[in-house]
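[1] here are the coordinates; sequence isn't available:
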């Protein structure tokens, strides 16, 4: 009898991990939408420029503007997800992007194409903010790093699908090919909207709304044991400022504990404690350096980079670009299995070192090719291709997935949605600046010089990660604050409630 109990517990644990795994995959599909847009635009840009006869400046604005538009979605998602729930927000994101993809697919001129980019950008902002937050809140601590790295996996799958779409439709008539490339992006959003209904709501959001019975039911499906479920529920109640003795199927959250939007902004930014400032800076830093390392310049403009390396044929350009997508996807899968075994810090530091070396190699190859425009230097072209593949490999094994994992973990419950939205905003602004200035930067300091610049930024990033970011592997979300100097995060929210009188939910008035 006794020997059967551990086996039953182990079987339930495996079943619950599979359930959380399924939920994480479904939520992370929102990132396929972003990835597809990044991948497909890299090739579609070639044909958009030819068909609409636009300048390089207009082209780079078109390529990067979606990142700035996504700011609207990412900030609105924080409020929306706290209002209608994490799951419903994913459906809303899919609907918005579906509309944007259709607008881009049917665009008849540059202005209509930009309008489609605006709508799609808002949808992307919603998706990239809510998917990691939901996944972190639904995942058990033992597998959270593995599961919260899935948004980056799906993003890379989306990039690969975008590259394949470019290759598949490249032989169609000019005015049809690029429109199909963009318009078919509506398909993943439809799949996401349909599949999301099998996902449960986040237990942490349910607790914030006083729905303790529903939260307990979800936790029993995702926790390792019933005891673990009750312990996690108690931790979430404490983090939400709900008294330990307040129990029931549905409880009324005391009004004096409700936190309005101004209070959340005040606690996160304007009157933040030293520990909260450190958490915020950690989130902003890791998001900034992820994009400032030049990943969008490599992924969005890979055909242009390969062209500079001496590959002239469109089919060869798109075929080589597909190799970049395959490499990124394979190495992100490797990262998902390492993040909970090796830890966040080691992967970040190893990844950034590899990126520095790869960017120096790419800058060297492109500089040599640029100095000999009339001569094909095979070793330099080969160095460029190998360096790009190495760069995306190192990025995908560390900095790519860890950014979302780390940021979704470190913020306290009461500011998590807004805190993650601020991090995403920094990410998207940096991405937009990088992608909208790459062609102009390349003309100013040469394309090789651009990648030397990115390598210097990566060196600064390594120093920041080494000196500022603590390891979070194996910690529960409710105890993360201890790593950043909070006295006792498990109980701090409840204790602080007596002073702030507001610590449960971001209430939208």
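    That came through fine. Model, not experiment: these values are computed from the prediction. Residues are numbered from 1 along each chain as shown.
[2] quick one: residue 357 and residue 393, what's the gap?
    From residue 357 over to residue 393 the distance is 12 Å, taken as Cβ to Cβ, to the nearest Å. Every C-beta, even on glycine, is put in place using the N, C-alpha and C of the backbone.
[3] between those two, which one's more packed in?
    residue 393 (21 against 15; other Cβ atoms under 10 Å).
[4] Residue 265 and residue 415, how far apart?
    Counting by Cβ to Cβ - residue 265 and residue 415 are separated by 9 Å.
[5] So the two - more neighbours on which side?
    residue 415 (25 against 16).
[6] If you drop the residues flanking it in sequence, what lies closest to that one?
    In space, and not counting its chain neighbours, residue 415 is closest to residue 268: 4.7 Å by Cβ to Cβ, 6 or more residues apart in numbering.
[7] Also residue 119?
    Nearest non-adjacent residue to residue 119 (Cβ to Cβ, 6+ apart): residue 100, at 3.5 Å.
[8] Could you tell me the model confidence score at that neighbour?
    At residue 100, the model reports a pLDDT of 92.
[9] List the contacts of it.
    When contacts are counted by Cβ atoms under 8 Å, 6 or more residues apart in numbering, residue 100 is found next to 116, 117, 118, 119, 120, 121, 122, 123.
[10] same question, residue 291
    Residue 291 makes contact with 427, 430, 431, 434, according to Cβ under 8 Å, 6+ apart.
[11] In contact with the second one, which residues?
    So that's residue 430. For residue 430, the contact set (Cβ under 8 Å, 6+ apart) comprises 287, 288, 290, 291, 292.
[12] Which of the residues you listed fall in strands?
    Among these, none falls in strands (DSSP state E).
[13] Turn those residues into a markdown table, including pLDDT and distance to residue 336.
    Output for the contacts of residue 430, formatted as a markdown table (pLDDT from 0 to 100; distance: Cβ to Cβ, whole Å):
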| residue | pLDDT | distance to residue 336 |
| --- | --- | --- |
| 287 | 94 | 20 |
| 288 | 96 | 24 |
| 290 | 94 | 17 |
| 291 | 93 | 21 |
| 292 | 95 | 24 |
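[14] I'd like those residues laid out as CSV, including distance to residue 361.
    Listed next are these as CSV, based on distance: Cβ to Cβ, whole Å:
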residue, distance to residue 361
287, 26
288, 24
290, 20
291, 21
292, 19
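[15] ok, so of those, who is nearest residue 110?
    Lowest distance from residue 110 to the contacts of residue 430 (Cβ to Cβ) belongs to residue 291, with 25.5 Å.
[16] ok, so what distance separates the closest one from residue 100?
    21 Å.
[17] Give the burial count for residue 378, as a bare number.
    8.
[18] Equivalent analysis for residue 384, please.
    Residue 384 - counted by other Cβ under 10 Å - has 27 other residues nearby.
[19] Could you check which helix or strand contains it?
    Take DSSP states H and E as the rule and residue 384 turns out to sit in helix 378-397.
[20] Quick check: which helices or strands does that helix pack against?
    helix 295-300, helix 302-308, helix 314-342, helix 344-371 (3 or more Cβ pairs under 8 Å, 6 or more residues apart in numbering; DSSP states H and E).
[21] ok now it, how far from the chain's centre?
    How far helix 378-397 lies from its chain's middle: 23 Å, per Cα atoms, centre = their mean, to the nearest Å.
[22] same thing with stretch 371-384?
    Worked out by Cα atoms, centre = their mean, stretch 371-384 lies 35 Å from the chain centre.
[23] And stretch 445-464, by the same measure?
    Distance, stretch centre to chain centre, for stretch 445-464: 22 Å (Cα atoms, centre = their mean).
[24] thinking again about what came up before, would you list the contacts of residue 100 in CSV and tack on distance to residue 81?
    Listed next are the contacts of residue 100 as CSV, based on distance: Cβ to Cβ, whole Å:
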residue, distance to residue 81
116, 25
117, 24
118, 21
119, 20
120, 19
121, 18
122, 15
123, 14
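[25] Next, format the residues you listed as CSV and append neighbour count.
    Below are those laid out as CSV (neighbours: other Cβ atoms under 10 Å):
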residue, neighbour count
116, 22
117, 27
118, 17
119, 21
120, 30
121, 27
122, 24
123, 28
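[26] just the residues you listed now: which is nearest residue 140?
    For these, the nearest to residue 140 is residue 123 (29.7 Å; Cβ to Cβ).
[27] Report the contact partners of that closest one.
    Applying Cβ under 8 Å, 6+ apart, the residues near residue 123 are 33, 73, 93, 94, 95, 96, 97, 98, 99, 100, 189.
[28] And the buried ones among those residues, selectable in PyMOL?
    To isolate the buried ones among the contacts of residue 123 in PyMOL, judged by 16 or more other Cβ atoms under 10 Å, type:
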select buried, resi 33+73+93+94+96+97+98+99+100+189
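[29] Pull up the gap between residue 120 and residue 29, please.
    Relative to residue 29, and taking Cβ to Cβ, residue 120 is found at 16 Å.
[30] what's the answer for residue 455, then?
    For residue 455, the distance to residue 29 - Cβ to Cβ - is 34 Å.
[31] follow-up on the earlier one: which element is the residue nearest to residue 119 on?
    Here residue 100 is assigned to helix 86-105, by DSSP H and E.
[32] Which element is encountered next along the chain beyond that helix?
    Immediately after helix 86-105, counting by DSSP H and E, sits helix 110-138.
[33] quick one: buried residues of that following helix?
    Neighbour counts over helix 110-138 (16+ other Cβ under 10 Å) mark 110, 113-114, 116-138 as buried.
[34] swap in stretch 415-425?
    Buried, per 16+ other Cβ under 10 Å, within stretch 415-425: 415, 416, 417, 418, 419, 420, 421, 422, 423, 424, 425.
[35] Give me the phi and psi for the second one.
    The phi and psi values for residue 416, taken as degrees, to the nearest 10, are phi -60, psi -50.
[36] can you tell me which residues contact it?
    Neighbours of residue 416 in contact, by Cβ under 8 Å, 6+ apart: 133, 137, 204, 408.
[37] Determine which two of the residues you listed are furthest apart.
    Distances among the contacts of residue 416 were taken as Cβ to Cβ; the most separated pair is 204 and 408, at 11.6 Å.
[38] got any ranges where the stretch 51-200 of the chain has weak pLDDT?
    Applying pLDDT under 70 to the stretch 51-200 of the chain picks out residues 142, 144-145.
[39] So residue 348 sits against residue 465, correct?
    Yes: counting by Cβ atoms under 8 Å, residue 348 touches residue 465, with 4.7 Å between them.
[40] intersection of neighbour lists for those two?
    In contact with both residue 348 and residue 465: residue 286, using Cβ under 8 Å, 6+ apart.
[41] Contacts made by stretch 337-357 with the rest, please.
    With Cβ under 8 Å, 6+ apart, stretch 337-357 has contacts from 142-146, 149, 286, 293, 335, 390-391, 393-395, 397-402, 405-406, 455, 458-459, 461-462, 465-466, 469-474.
[42] from these, which would you call buried?
    So, by 16+ other Cβ under 10 Å, the buried ones in the contacts of stretch 337-357 are 143-146, 149, 286, 293, 335, 390-391, 393-395, 397-402, 405-406, 455, 458, 461-462, 465, 469-470, 472-473.
[43] how much space is there between residue 87 and residue 96?
    Applying Cβ to Cβ, the value for residue 87 to residue 96 is 16 Å.
[44] Which helix or which strand is home to the spatially closest residue to residue 174 that is not a sequence neighbour?
    For residue 174, ignoring the flanking residues on the chain, the nearest one in space by Cβ to Cβ, 6+ apart is residue 51 at 5.2 Å. Using DSSP H and E, residue 51 falls within helix 30-52.
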